[in-house]
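Colleague: the following block contains a protein sequence and its predicted model.
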Amino acid sequence: VFHTGNPRRVTANDVKYSIERAADPANASPTVLAYLGNIVGLRDRFQNKAASVSGVKVVDETTLQIDLVEPSDFFLSELTYPVAFVVDKEQIESNARGWTQKPRGTGPFQLKEFKPAEKIVLAKNDRYHLGVPKIDEVVFELAGGNILTRFENDEVHIGYFPATQLESIKGGNSPLSKDYREVPEMATFYFTLNPQKAPFDDPKVRQAFAMSIDRAQINTVLLYDAYRVADGFLPPEMPGYDESIHSYDFNPTKAKQLLQESKYAGKLPRVVMTYSGTGAAPGDLLVAIQKQWSDNLGVDVELEAVDSSAFLREQRKGQFQMQSDGWSADYPDPEDLLGKLFSSDSPLNYTKYKNDEVDQLLGQARVETDRAKRFKLYNQAEQKIVDDAVVIPTFWPVSHTLVKSCVKNLPSAALVIPKYRYVEIKDD
C-alpha cells in the first residue's frame, strides 16, 4: 500500500502509470531510455511518437505484462532503478510541484521529516507488505559535526572515523575495534578522458596519463590503505568479475615516450580536469594526482570545481575535457557499468566513445541469456575499454564504519539495498 492517511493498495495500473510517466517527454528523464528503453514502445513515447507505452499492459489488478524489444537476462534488475519506481498518481496530480517534499512510497519506511542539510527522519510503515520493521525510526544526521565523538558518547548507532585511525581500529588496537565493520563496495572511482576533446582524441595521450599515476603509493601514503587499487573497471564484488583484466601499470618512462610519440608532442593544449565541488580547494587526492602528472609526465593539469548540478549538465552534454568520476552499481550485473557507460548507443555514454569491437561484444552480451557466456563477453569488452584508456580506473572504495553492538541484523551489503527493515536494537 502507499504511504497515505488512508492506505491505498498498489495495483498494476499504478505500475503502468509510473512507467508511462517516466517515459513522458514532458518530464525529460535523462535515464529512462538507458534503463527502460528495452520495453516495446517506450522509445516512441519518449520521442512523442505515441501517446502511451504499447509494451506495458495491465492484465488484471495484480498482473502486468511487459513486452521487450530484445531478450534480456538483466531486465528485472533494471526495474530496481529509481526511474522505474512506482509513484502515487493521486498525489502527483494533486500536487505536481510539491509531491517530492513528502513522497508516498510503498517501502518499509516512510518520510516523516526532511530538513535540507540537517536531517532526514524515516518512520516505519506498519502496512509494509513484507513485514513491519522492528525499529520505529531511522534518523540520518546531515548537519555534520564530529560523528566519531557522537558515536563515542552513544548519541548515534552508526558512525565514521578519520582515515588516520584506520590502522589502529582495523588492527584491533583501539577501544573502537570491537565496533568496526569493513564492507567493500560495488563501485569504481575513475577519471574520464573525453576522446572527442583534444588532447584526449589521441589514444597515446590517454595511455600516457594512465601510466603516470602511482595509485598504490597514493592509496598507502595518502589514503592509509582505505581503498583498493582498481586494476580494472568492474569491482571484485561484481558478478562476472575477472581478475585477469589488467589496467596500465605505473610506468612514467613509457608514459613520457608515448606523449612524445603522440600528435601533441611539444604542443599539448591546456588540460583541465573538472570535479564536483563548491569552489573550495580540491581534495588531497586530486592534488596528489595532479602533482604526479606534473612530476611524472611534465604536464600541468588545472583542477576546476563545478557545482554538482552544473557538473551533471556538463557531463550529459559531453562538454568536459577530463572529469573526476565514479559509479556505484545500481544492480549487481556488469551490464550496469559496461553496457550503460561504454556502448556507443547508450544515452549514458556521455563522451560518445565508440569502439566497433567493444560495441559488438556489448551488443552480443546484451541479448545473451546464458549468464556464463554473457559474463565472458563482458570480460573481453572490459579489457578493450581499459586498453583504450577513455577511463583511468583508480580505486575500488571500501566502507569503514562503526556499528554499536546493540544494532542487530544490519546487512553488510556491497550496494544500496533497503537494509534497515532487518535491523533490531537489542542490548547485549
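Modeller: Structure received. Quick caveat, the model's predicted, so the values are computed rather than measured. Numbers count the residues shown, from 1 in each chain.
Colleague: pass me the low-pLDDT residue ranges in the stretch 201-350 of the chain, would you?
Modeller: 278-281 (pLDDT under 70).
Colleague: residue 377: which element?
Modeller: Assigned by DSSP states H and E, residue 377 belongs to helix 371-388.
Colleague: for that helix, packing partners?
Modeller: helix 338-342, helix 356-367 (3 or more C-beta pairs under 8 Å, 6 or more residues apart in numbering; DSSP states H and E). From N, CA and C alone the C-beta is placed, and that goes for glycine too.
Colleague: TSV for those helices, including distance to residue 105?
Modeller: Output for these, formatted as TSV (distance: least, C-beta to C-beta, whole Å):
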stretch	distance to residue 105
helix 338-342	25
helix 356-367	30
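Colleague: would you tell me which of those helices gets closest to residue 424?
Modeller: Ranking these by proximity to residue 424 (C-beta to C-beta) places helix 338-342 first, at 36.4 Å.
Colleague: contacts for the closest one, please.
Modeller: 34, 233-234, 327, 346, 348-349, 353, 358, 362, 365-366, 378, 381-382, 385, 390 (C-beta atoms under 8 Å, 6 or more residues apart in numbering).
Colleague: and for stretch 133-148?
Modeller: Outside stretch 133-148, the residues that touch it by C-beta under 8 Å, 6+ apart are 108-109, 112, 115-125, 150, 156, 159-162, 402, 420-425.
Colleague: skipping its backbone neighbours, what lies nearest residue 163 in space?
Modeller: Excluding the flanking residues, the one nearest residue 163 by C-beta to C-beta, 6 or more residues apart in numbering is residue 224, at 4.4 Å.
Colleague: just to revisit the earlier point, any idea of the angle the helix holding residue 377 forms with helix 356-367?
Modeller: With axes from the mean of the first three to the mean of the last three C-alpha atoms, to 10 degrees defining the directions, helix 371-388 sits at 150 degrees from helix 356-367.
Colleague: tell me the mean pLDDT over helix 371-388?
Modeller: On average, the pLDDT along helix 371-388 is 98.
Colleague: C-terminal to it, which secondary structure element comes first?
Modeller: As assigned by DSSP H and E, the chain's next helix or strand after helix 371-388 is strand 391-396.
Colleague: mind listing the strands that next one pairs with, and their directions?
Modeller: strand 187-193 (antiparallel), strand 228-229 (antiparallel) (DSSP bridges).
Colleague: who's in contact with residue 100?
Modeller: By C-beta under 8 Å, 6+ apart, no residues touch residue 100.
Colleague: ok so it is a helix residue?
Modeller: Yes: when DSSP: H, G, I helix; E, B strand; the rest coil is applied, residue 100 is found to be in a helix.
Colleague: from residue 66, how far off is it?
Modeller: Residue 100 sits 26 Å away from residue 66, taking C-beta to C-beta, to the nearest Å as the criterion.
Colleague: with that, I have no additional questions.
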